[in-house]
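Undergrad: need the 3D shape of this:
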Amino acid sequence: MRISLLAVGKLKDAEERAISDRYVKRFNGAGRSIGLGPLDIRELNESRQPSADERKQDEAARLMKDLTADSFIVALDPAGKSITSEAFARMLGEKRDGAVKTCAFLIGGPDGHGAQVLKSSGLTLSLGSLTLPHGLARVVLLEQIYRAATILSGHPYHRA
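TA: Alright, predicted model coming up:
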């Protein structure tokens, strides 16, 4: 199962990009043997529309544009469901075993996701109740995707 991360906004900080790249590389190595990956990241520019609702609608349309109808969509949202690393790994394993071709993680812009993304998502996921900067949220998500691969493969990285 391929993993896509589609994010509104670009990592501007070299250190965040280096950490992000490290987890992508680790995941691609760990996931290959268990039928996960590769992980593809696409960054979209923030919308320039005048109102927050218009920005969310524009960004949602652009996030959804390249996704196929059979993609399983996980929208990151502060109001989403908070789950454990083990449950997250289980969800990825179930989707892989259920013949889902692509699991797409969507990170919205500063105003959040538009209704189109939230309606289309199979899971709305929260990384916790704290507000995280965009780059840090992306790194946390990538680490959890890597951690899920290690849990599914029985690797000792995750010590529960």
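Undergrad: quick check: Leu11 is in a strand.
TA: No - assignment of Leu11 by DSSP: H, G, I helix; E, B strand; the rest coil gives coil, placing it outside any strand.
Undergrad: can you report how many residues neighbour it?
TA: Leu11 has 19 neighbouring residues, counting by other Cβ atoms under 10 Å. Backbone N, C-alpha and C define where each C-beta goes, glycine included.
Undergrad: quick one, phi psi at it?
TA: phi -70, psi 120 (degrees, to the nearest 10).
Undergrad: that one against Ile19, yeah?
TA: No - applying Cβ atoms under 8 Å as the test, Leu11 and Ile19 come out as separate, 9.4 Å apart.
Undergrad: ok, residues contacting stretch 113-121?
TA: 56-61, 63-64, 73-75, 77, 106, 108, 124 (Cβ atoms under 8 Å, 6 or more residues apart in numbering).
Undergrad: tell me which of those is nearest to Ser4?
TA: Nearest to Ser4 among the contacts of stretch 113-121: Leu106, at 8.7 Å, using Cβ to Cβ.
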